[in-house]
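In: no sequence on this one, just coordinates:
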């Protein structure tokens with residue numbers, strides 16, 4: 001019987017340099033996609049998957065992130081006085097129950113593997129999830145919930161995966177597959193972080209959702225730097241395979257947006273806005289007006 005996954009790590013220590021100058025004072029994770037910050041999409045997905053304990057790996061200058069999940073009594077009272085119950089309900093989704101969140105500093109930018117390792121004492125001997133807020137996934141059933149359901153059947157460690165064009169494989173961690181089965185699950189025999197062009201074992205790439213055993217933390221303890229001179233999480237997961245423990249890739253149902261890039265953030269904004277009943281008609285009309293003008297200007 002697999003142990004239930006109730007803890008999730010959110011690595012949010014990055015400086016967000018691709019979004020300067022905005023990220024000089026605003027953490028990238030609370031930049032808004034339509035009307036919710038990126039981190040809120042990640043939290044909502046985690047809650048839907050049964051996560052109850054939230055661990056944020058932060059760095060200097062991220063205090064606004066902590067404030068976002070705190071109560072705002074003055075604002076709540078103002079909304080109550082004005083009878084705006086719908087906005088109070090929206091505000092309630094941003095509150096974090098006391099004792100359910102923890103903030104840990106990553107003092108040096110040593111990579112994703114190091115960021116996850118920083119939370120080791122709060123994970124203990126339990127399985128845990130890792131969610132990268134930069135990867136926003138639109139899906140009827142939230143991605144992590146899909147993974148938890150699959151994990152309950154196979155156990156071990158699991159990474160979310162998606163097919164990418166072969167010429168883009170060198171930008172990702174790539175899976176070397178042993179076998180594929182129904183339900184989007186693939187048994188993994190190896191993982192390669194950012195393989196050189198033309199040397200990728202497949203075009204199935206790891207994206208920012210993981211369910212991991214506590215043994216992965218042991219592999220990260222004292223781990224050497226890997227690709228890019230950083231401590232890579234994929235290297236620690238690959239150790240699970242060499243030691244005979246199961247690792248699966250899970251091809252989720254949904255659309256992933258890379259909100260760590262400006263183009264991806266804009267694409268997500270358009271997609272999420274068009275999915276909103278309160279915005280769809282007006283926004284779609286605007287797009288229909290400007291797209292012909294853009295083509296005419298080329």
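Out: Alright, I've got the coordinates. All of these numbers come straight from a predicted model, not from anything done at the bench.
In: Sort out which residues of the host helix or strand of residue 175 are buried, please.
Out: Using DSSP states H and E, residue 175 sits in strand 173-180. With burial defined by 16 or more other Cβ atoms under 10 Å, the residues of strand 173-180 counted as buried are 173, 174, 175, 176, 177. (Each C-beta comes from the backbone N, C-alpha and C, glycine too.)
In: so can I have JSON lines of these showing pLDDT and distance to residue 146?
Out: JSON lines is the format used below for those (pLDDT from 0 to 100; distance: Cβ to Cβ, whole Å):
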{"residue": "173", "pLDDT": "86", "distance to residue 146": "19"}
{"residue": "174", "pLDDT": "88", "distance to residue 146": "21"}
{"residue": "175", "pLDDT": "89", "distance to residue 146": "17"}
{"residue": "176", "pLDDT": "86", "distance to residue 146": "23"}
{"residue": "177", "pLDDT": "85", "distance to residue 146": "19"}
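In: of these, closest to residue 185?
Out: Residue 185 has its nearest neighbour among the buried residues of strand 173-180 in residue 177, at 10.5 Å by Cβ to Cβ.
In: What's the local residue count around the spatially closest residue to residue 216 that is not a sequence neighbour?
Out: Spatially, and ignoring its direct neighbours in sequence, residue 216 is nearest to residue 236 (5.0 Å; Cβ to Cβ, 6 or more residues apart in numbering). When counting by other Cβ atoms under 10 Å, one arrives at 25 neighbours for residue 236.
In: May I have the phi/psi pair for residue 236?
Out: Main-chain torsions, residue 236, degrees, to the nearest 10: phi -70, psi -40.
In: Go ahead and confirm it touches residue 222.
Out: No - the criterion here is Cβ atoms under 8 Å, and residue 236 misses it with residue 222 at 10.9 Å.
In: Let me see the residues that make contact with the helix or strand harbouring residue 263.
Out: Using DSSP H and E, residue 263 maps to helix 262-274. The contact list for helix 262-274 (Cβ atoms under 8 Å, 6 or more residues apart in numbering) reads 18-19, 31, 33-34, 136, 138, 255, 257-259, 279-280, 283-284, 287.
In: and if we set it to 6 Å?
Out: With contacts defined as Cβ atoms under 6 Å, 6 or more residues apart in numbering, helix 262-274 is touched by 33, 34, 136, 257, 258, 259, 279, 280, 283.
In: next one: stretch 25-36
Out: Under Cβ under 6 Å, 6+ apart, the answer for stretch 25-36 is 12, 16, 19, 37-39, 62, 64-65, 68, 133, 268, 272-273.
In: how long is that stretch end to end?
Out: End-to-end distance for stretch 25-36: 18 Å, by Cα to Cα, to the nearest Å.
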